[in-house]
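S.K.: got a sequence here, can you build the structure:
(2 chains)
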2 protein chains.
Amino acid sequence: MALVVVGGVAAGLSAAARARRLDPRLEIIVLEKGPAISYGACGLPYLLEGRVKQPEDLIVYTPEYFRKERNIEVRTGARVVSLAHSRREVVLESGARVRYDRLVLATGARCDTLGIAGGFQPHVFTLHTLEDAVRLRGFLAEKHPRRAVVIGAGYIGVEAADALRRNGLRVTVVERASNALLRDDPQLTLAVRRVLEAHGVELRCGIRVDAIEPAQVAGVPCDLVVLAAGFKPNVELASDAAIELGRSGAIRTSDRMETNLPGVYAAGDCAEVTHLVSGSPTYIPLGTTANKTGRVAGANAAGGRERFAGIVGTSIVGIFGTAFATTGFSAEQARAQGFSPVAARIEALSRPRYFQGAPTTVELVADRSTRRLLGGSVIGEEGAAGRIDVIAAALQARMTVDDFEQLDLAYSPPFAPTWDPLLIAAQQLRNAM
Amino acid sequence: MALVVVGGVAAGLSAAARARRLDPRLEIIVLEKGPAISYGACGLPYLLEGRVKQPEDLIVYTPEYFRKERNIEVRTGARVVSLAHSRREVVLESGARVRYDRLVLATGARCDTLGIAGGFQPHVFTLHTLEDAVRLRGFLAEKHPRRAVVIGAGYIGVEAADALRRNGLRVTVVERASNALLRDDPQLTLAVRRVLEAHGVELRCGIRVDAIEPAQVAGVPCDLVVLAAGFKPNVELASDAAIELGRSGAIRTSDRMETNLPGVYAAGDCAEVTHLVSGSPTYIPLGTTANKTGRVAGANAAGGRERFAGIVGTSIVGIFGTAFATTGFSAEQARAQGFSPVAARIEALSRPRYFQGAPTTVELVADRSTRRLLGGSVIGEEGAAGRIDVIAAALQARMTVDDFEQLDLAYSPPFAPTWDPLLIAAQQLRNAM
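M.R.: Have a look, this model is predicted:
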């Protein structure tokens, strides 16, 4: 039995490693189109910034490690150009063919520059692979650009803006949507804008960029452009082989991460998952989901019976030291999903005042008729990750705001106040319903 | 209509404030036996240590504030010595009587020194009230003690040991039980011991102290003793008035926080609550529970209809910068409650290695037959509060370990690793079941 995995970053390697654990005798081959595998892609902005010193620091495992320690063959520079499922073969760019019994597609995603003219100039970068970050670092060191435009105010866009600003550049972020961080939430966008502006970064929303000119983007003069928008799943390989896509455009799978072709699985940034708040398929490509879906795909490809329930859409991003964490739906998103949202937003301290607590903003959103929590956000310099995770757990458990208000959260002055900001927000939300 | 509240710290003032919010016309009188109200009692060790500079820093509200801003009468130095419920009167030490229509008992708890001879010497202190901390600070400044024994390795005991050590004393903690932090968990105790010993504090468990001699306790020479054991609810006022106590010895209430006497409520450190994991009444006096039960008692005393579901026993304590957080039951405690516990304990990083993550120990406990989570602990220098709160939410939602493994937790290098330690622990626990 041979398992072939297309893609050697988060999802692909999770799949391979998990399959090996379940079946020590399976032949496992990982085909990665790039030169490196198993790197912490979410660390790329910090490599750009300089807090991560060397590209090597982001590499978790090498192909040699997988070969020696896990008996997994990893081929880099191995771009798969087509699938011949009837013969159970993948075809490489080199023309070579690799046979499989089980296949995991972990082809990832890309920044789709197709719609923007001028995306291939030497001062235009994406920040998607380790090579992207290394090239961009080289450009900073050699060309000393002074003014950057970042296209896209999603996570990578704002992280790139932060990193470039800390490198001394003037930075403007332009975003096509009316709000930042991929979330329809004007208050959150306002908070992002305030932090960016306090550090000298400009944010312009509702700006559609059609062309990158040699020295300006959307009227903003610049000598460096980072393209962090138009994230699209790499599904061409799959769709050419008659693998079904979902409405999001990403690969549709069962909760076993299996596609419509039996024995062919998909995981990571190329696949849809179920949103547990709406119950519908969604496309939210994130590193955690990639690892988890890869693990499930790998287990099932090796004969296991594992299941990926879905996501609630939790994410966090740090901008100049302030965390912006969100999960589930904002009020606007919940309304668009057919709920009747009620929201409450409070500001409280992360710890007691006498223990130098930091201001923390919490928003909770619930459905008026069922009282079920639908989402929330936490903004602050301290404790935001833990607090958003509590909301995420509550969403997954389908807690009502009344359940949530009863949570028995840890208290001690060095860590949290007696009334945690989460509980104050729940009280306010109950009052508002 | 008059509401009388006996006790003016956490539970009592929460009750009074909540009652006022629901009924602007209610007459509300708070009777506090001590000289100060509304102080952050959990901040006392930090006042002793010196990180909190002044006793006043711990005082949140003054009687004047309550009188002026909330129209609540607060009397300090007003010790209630008996209840005459047939006449709806409380009797003060001074002989004065105060009539009530509704009564909230928030009489708190004390360190019961009755069983220990020599508890009233001038070098023996408790750390329960603001005056205790002020007296002890004065003793440190005037007498320059060099060697302290702390009796009790609960939260206050270890916090006091930390504070005294940071003041330059040699400190030994003696604990009657075989484990520290009021939790039957040898591994947790081992971790506490290691942190204490790394900072020069000795921990001796399984030592019963019968007498405090002038210059030694249990064979340990000392010129200062802090008594942080034998925490007992103040229930004499209630039991003398035929108010029922539970098996724990604390006041029994309904989920409305009402006692067996209609119109008489109990809240805070004098009352039992329901443990949501076992479903049984329990006595775990903590500041958060005091505030919440006070709020519910006050609401219902003012004609509201609120409910306190119960607790899962979440707590956290910082010892020399390391957090020890627990919730629900340890494996040993779960077994004693009739469960068939399976446990997994892992060590992982709080953030990616390339982002200087700190070692974090997570233990999860689940029931073998139902797979339901029963408890957990998190130990580490970073992120323990947020992670224990996620476990606490899962316990309240009665999640299985399989549900828990699916949690969609926030990830970004400055905040957490791709595989959160909580999820690694859940994977290990599933493997162990």
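S.K.: residue contacts, the residue of chain A found nearest chain B?
M.R.: Closest approach between chain A and chain B, counting by C-beta to the nearest C-beta: A:Gly386, at 1.2 Å. Any C-beta I mention is one placed from the backbone N, CA and C, and that applies to glycine too. A:Gly386 makes contacts with B:383, B:385-387, B:389-390, as judged by C-beta atoms under 8 Å, 6 or more residues apart in numbering or on different chains.
S.K.: surely it is within a helix?
M.R.: Yes - assessed with DSSP: H, G, I helix; E, B strand; the rest coil, A:Gly386 lies in a helix.
S.K.: could you pull out the helices for the stretch 151-300 of chain A?
M.R.: Taking DSSP state H, counting those that start in this stretch, the helices of the stretch 151-300 of chain A run over residues A:155-166, A:186-198, A:236-240, A:287-301.
S.K.: of those, which is nearest B:Arg110?
M.R.: Closest of these to B:Arg110 is helix A:186-198, at 45.7 Å (criterion: C-beta to C-beta).
S.K.: give me the pLDDT value at A:Gly375.
M.R.: With respect to pLDDT, A:Gly375 has a value of 98.
S.K.: give me the element it is part of.
M.R.: Using DSSP states H and E, A:Gly375 maps to strand A:373-380.
S.K.: for A:Asp389, which three-state class applies?
M.R.: A:Asp389 - assigned by three-state DSSP - is helix.
S.K.: then A:Arg110 would be within a helix, right?
M.R.: No - per three-state DSSP, A:Arg110 lies outside any helix segment and is strand.
S.K.: tally of neighbours for it?
M.R.: 15 (other C-beta atoms under 10 Å in any protein chain shown).
S.K.: and A:Glu142, by the same measure?
M.R.: Using other C-beta under 10 Å, A:Glu142 has 8 other residues around it.
S.K.: dump the contacts of A:Gly386 into CSV; add pLDDT as well.
M.R.: Compiled in CSV, the contacts of A:Gly386 are given as follows (pLDDT from 0 to 100):
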residue, pLDDT
B:Gly383, 96
B:Ala385, 97
B:Gly386, 98
B:Arg387, 98
B:Asp389, 98
B:Val390, 98
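S.K.: okay, those in TSV with distance to B:Val90 next?
M.R.: What follows is those, written out as TSV (distance: C-beta to C-beta, whole Å):
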residue	distance to B:Val90
B:Gly383	46
B:Ala385	39
B:Gly386	42
B:Arg387	44
B:Asp389	38
B:Val390	43
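S.K.: what is the nearest of these to B:Arg18?
M.R.: With C-beta to C-beta as the yardstick, the closest approach to B:Arg18 among the contacts of A:Gly386 comes from B:Asp389, at 23.5 Å.
S.K.: so the closest one sits against B:Ile316, correct?
M.R.: No - counting by C-beta atoms under 8 Å, B:Asp389 does not reach B:Ile316; the two are 9.1 Å apart.
S.K.: intersection of neighbour lists for those two?
M.R.: Joint contacts of B:Asp389 and B:Ile316 (C-beta under 8 Å, 6+ apart) are A:Ala410.
S.K.: more neighbours: the two, which one.
M.R.: Shown here are B:Asp389 and B:Ile316; by other C-beta under 10 Å, B:Asp389 has more neighbours (30 against 22).
S.K.: buried ones in whatever helix or strand A:Arg345 lives in?
M.R.: Element membership for A:Arg345, per DSSP H and E: strand A:341-349. Neighbour counts over strand A:341-349 (16 or more other C-beta atoms under 10 Å in any protein chain shown) mark A:341-346, A:348-349 as buried.
S.K.: who touches A:Leu22 in this structure?
M.R.: Residues near A:Leu22 by C-beta under 8 Å, 6+ apart: A:298-299, A:302-304.
S.K.: 6 Å instead?
M.R.: Residues in contact with A:Leu22 (C-beta atoms under 6 Å, 6 or more residues apart in numbering or on different chains) are A:299, A:302, A:304.
S.K.: ditto for A:Tyr411
M.R.: So A:Tyr411 contacts A:418, B:287-288 (C-beta under 6 Å, 6+ apart).
S.K.: give me the most central residue, chain A.
M.R.: Centroid-nearest residue in chain A, with C-alpha atoms, centre = their mean: A:Leu286, separated by 2.5 Å.
S.K.: residues touching that one, list them.
M.R.: A:Leu286 sits in contact with no residue, where contact means C-beta under 6 Å, 6+ apart.
S.K.: again, 7 Å this time
M.R.: A:Ser315 (C-beta atoms under 7 Å, 6 or more residues apart in numbering or on different chains).
S.K.: quick one, helices of the stretch 301-433 of chain A?
M.R.: Using DSSP H, counting those that start in this stretch, helices in the stretch 301-433 of chain A cover A:331-336, A:384-396, A:401-405, A:421-432.
S.K.: right, so the ones you listed: which one is the most enclosed?
M.R.: For these, the largest average neighbour count (mean count of other C-beta atoms under 10 Å in any protein chain shown) is found in helix A:384-396, namely a mean of 28.
S.K.: and the angle from it to helix B:421-432?
M.R.: 50 degrees (axes from the mean of the first three to the mean of the last three C-alpha atoms, to 10 degrees).
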